[in-house]
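>>> I'd like to go over a predicted model; first the sequence, then the structure.
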Amino acid sequence: MKTNWGAAFQIAAVYVGTVVGAGFATGREIVEFFSRFGIFGLIGIFMSGYMLIYMGSKLMRIAASIGARSYEEMNEHLFGKFFGKMINIVMLVMLLGVCSVMLSGAGAVFEEQLGLSKSIGIFLTIGLSIVVMIVGIKGVFAVNTFVVPMMILFSLILFFLSMKLPGFIEQVVFIPHADDGWKSVIAPFSYTALNLSLAQAVLVPVAAEIKDDNTVKWGGILGGVALTLILLSSHLTLIMLPGFETFEIPMAVIMKQLVSGLHWVFVLIVYGEIFTSVIGNIFGLERQLQKYVNLPSIVVVSILFLISYFISLINYGTLLSILYPVFGYISLTFIVLLWMKPVQLNKAK
C-alpha cells in the first residue's frame with residue numbers, strides 16, 4: 001500500500017504539537033513523571049516512547065477505520081455507549097483541568113522569566129485567546145508548524161551542550177531518593193495514557209479525515225519517534241540542572257545558563273506552545289459543551305475561562321504535580337482498552 005509521506009509528516013506534526021503542551025515545553029511535566037526518578041526515569045522514557053509510537057499510531061488507525069469524527073465516537077467505540085458517555089464527561093473535566101494548568105504555566109512564564117506578575121500573564125493569555133477565537137483560530141494552529149520544529153531544535157541544542165558538562169554520565173545513572181519512588185513504575189503508563197486520552201480530541205478527527213491506513217500509521221510512528229527524542233533530550237538536559245525540581249520552568253533556566261543569547265527566543269516559543277494549547281483546549285471544550293447548553297459561544301468561552309482562572313491561581317508546579325498524575329491514573333483504562341481493541345480495516349469508510 002502506497003504511503004502519502006506529505007500527509008504522514010503533517011499528522012506527525014499535529015501529534016507532536018498536540019502533546020507538547022505547557023508541562024512538556026516548560027519541562028515541569030518531564031520532571032514530575034521522569035527526571036526526578038533518575039535512571040529509573042530514563043528507563044520510563046524508553047517505555048513511554050514505545051507506547052507513544054505504538055499506541056498513538058493505533059489510536060489514529062482505529063479512528064480512521066471506524067470513521068470517527070470526534071473523541072466521543074472513539075470513546076463509545078472503546079468503552080461502549082453507556083460507559084463511553086461517562087468517560088466523555090470525565091474528559092470534559094480533564095480538559096478544563098489541563099486548561100487551568102496551561103494558564104498557570106503562562107503566568108509562571110511571566111513571573112519566573114520576565115519578573116512580572118503572574119496575573120498579568122494569565123489575563124493577557126485569556127484576552128488574546130478570546131480575540132483569536134472571535135477572529136478565527138486557523139492561523140494559531142499554523143504557529144505549531146514553526147513552534148514544534150523550534151522546540152525540537154532547542155531541545156537538541158541543550159542536550160548536546162549538557163553532554164559536555166562535567167559529571168554528565170554520573171547524573172544519567174544517578175538514583176535519587178524519592179519518597180514516592182514506586183510511582184516511577186507506573187509513570188510511563190500514566191504519562192502515555194494522559195497524553196493520548198487528551199490528544200485524541202485533535203488526533204481522532206485528523207486521522208478520520210486522512211482515511212488511508214498506511215499514511216495514518218506512519219504519521220503516528222513518526223510523531224511518536226519525534227516525541228520520544230524530545231522527551232529523551234529534555235530529560236538528559238534537565239538532570240544537569242542543580243535543584244531542577246524547584247523551578248517552575250526548568251528548561252528556560254537551563255537555556256539562560258547555557259545559551260543566554262537564545263533565552264528570550266526560547267521563552268517566546270514556550271509561551272507560543274502554551275498559548276496554542278490553551279486555545280485548542282478551550283475550543284474543544286466549547287464545542288462539546290454546545291451539545292449540552294444552548295448559549296452563545298462567547299458566553300460559554302467566558303465561563304470556561306473564569307473557572308480556569310480561579311484554578312490557575314494555584315502555583316503552577318503544584319497544580320501540575322497534583323492534576324497530571326491523577327488524570328494519568330484515570331486515563332489508564334483508556335490505554336488498556338486501546339491496546340486490546342483490534343484495528344479492523346474492513347470497516348473503513
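Everything's here; your move. As the structure is a computational prediction, the values presented were derived from the model and not from experiment.
>>> Same question for stretch 252-267: list its buried residues.
252, 253, 254, 255, 256, 258, 263, 266, 267 (16 or more other Cβ atoms under 10 Å). (C-beta placed from N, C-alpha, C; glycine too.)
>>> so how far is that stretch off the chain centroid?
22 Å (Cα atoms, centre = their mean, to the nearest Å).
>>> for stretch 195-214, same thing?
Using Cα atoms, centre = their mean, the offset of stretch 195-214 from its chain centre is 15 Å.
>>> How about stretch 154-172?
24 Å.
>>> who's in contact with that stretch?
39, 42, 229-230, 233-234, 236-237, 239-240, 251, 254-255, 258-259, 262, 266, 269 (Cβ atoms under 8 Å, 6 or more residues apart in numbering).
>>> Keep only those of these that are in helices.
39, 42, 229-230, 233-234, 236-237, 251, 254-255, 258, 266, 269 (DSSP state H).
>>> Among these, which one sits closest to residue 176?
Nearest to residue 176 among the ones in helices among the contacts of stretch 154-172 is residue 39, at 9.3 Å by Cβ to Cβ.
>>> Near the closest one, how many residues? Count them for me, please.
Here the number of neighbours of residue 39 (other Cβ atoms under 10 Å) works out to 15.
>>> Check the one 4 residues further on too.
Residue 43 has 15 neighbouring residues, counting by other Cβ under 10 Å.
>>> isn't residue 325 right up against residue 32?
Yes: assessed by Cβ atoms under 8 Å, residue 325 is found in contact with residue 32 at 7.0 Å.
>>> between those two, which one's more packed in?
Set residue 325 next to residue 32 and count neighbours by other Cβ under 10 Å: residue 32 wins out with 22 against 19.
>>> Next, count neighbours for the nearest residue to that one once chain neighbours are set aside.
Among residues not flanking residue 32 along the chain, residue 321 sits closest, at 5.2 Å (Cβ to Cβ, 6 or more residues apart in numbering). Residue 321 has 19 neighbours, counted by other Cβ under 10 Å.
>>> Low-confidence ranges, the protein, go.
1, 21-24, 136-145, 346-349 (pLDDT under 70).
>>> For residue 198, give its distance to residue 165.
34 Å (Cβ to Cβ, to the nearest Å).
>>> neighbour count winner among the two?
residue 198 (26 against 12).
>>> Where does the more buried one sit: helix, strand or coil?
Following DSSP: H, G, I helix; E, B strand; the rest coil, residue 198 is assigned to helix.
>>> right, and it touches residue 94 too?
Yes: the pair residue 198 and residue 94 passes the contact test of Cβ under 8 Å, sitting 6.5 Å apart.
>>> shared neighbours, those two?
Joint contacts of residue 198 and residue 94 (Cβ under 8 Å, 6+ apart) are 327, 331.
>>> separation between the residue nearest to residue 32 and residue 244?
13 Å.
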